[in-house]
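Visitor: Dropping the sequence and predicted coords here.
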Amino acid sequence: MRISDNQLRDVLANTLLGVRRTWSAEETARAQSSGAEEGDSVELSPTAQKVAQLVEWLKTLPEVRTERVAELSRLIACGEYRVPVEDIVDILLEGGE
């Protein structure tokens, strides 16, 4: 299964809406008086944390499963590739989707 960049962006955009910015009263006062951003902190929701972990995991996966492609190519070239009849029936009954 391949996930496009657009699909990933949509998931991230929708999920990261759960990101919350939290400030202590002291940090808020310090930031307002100094105008500096030293006291900034970010707290990610559990969902956003999980998405960040998944994104990192997805980055480790190859875009193409070369071993599987090579095996399927070999089977097709040898005339040994067979699609299970059940799969064909399922596709036909689902309207070819």
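Guide: Arrived safely, thanks for sending.

Visitor: and stretch 75-84, what's its mean pLDDT?
Guide: Here stretch 75-84 scores 92 as its mean pLDDT.

Visitor: Domain ranges for this structure, per the record?
Guide: 1-61, 64-97 (automatic domain parsing).

Visitor: weakest of those domains in terms of mean pLDDT?
Guide: For the domains of the chain, mean pLDDT drops lowest on domain 1-61, to a mean of 71.

Visitor: Helices of this structure, start to end?
Guide: Under the criterion DSSP state H, the chain contains helices at 5-15, 25-34, 46-60, 66-78, 85-93.

Visitor: what's the closest of the ones you listed to D40?
Guide: Taking C-beta to C-beta, helix 25-34 is the member of the helices of the chain nearest to D40, at 7.2 Å. For the C-beta atoms, the positions are set from N, CA and C on the backbone; glycine is no exception.

Visitor: I figured V55 was touching D5, is that so?
Guide: No. Between V55 and D5 there is no contact, the gap being 11.8 Å when judged by C-beta atoms under 8 Å.

Visitor: quick one, which of these two is more surrounded?
Guide: More crowded of V55 and D5, by other C-beta atoms under 10 Å: V55, with 13 against 7.

Visitor: roughly how far apart are the more buried one and V11?
Guide: In this view, V55 and V11 are 9 Å apart by C-beta to C-beta, to the nearest Å.

Visitor: same thing with S45?
Guide: In this view, S45 and V11 are 14 Å apart by C-beta to C-beta.

Visitor: Then E67?
Guide: For E67, the distance to V11 (C-beta to C-beta) stands at 27 Å.

Visitor: okay, those two: which has more neighbours?
Guide: A side-by-side neighbour count of E67 and V11, using other C-beta under 10 Å, places V11 first with 14 against 9.

Visitor: what's the span of stretch 40-53, first residue to last?
Guide: One end of stretch 40-53 sits 23 Å from the other (C-alpha to C-alpha, to the nearest Å).
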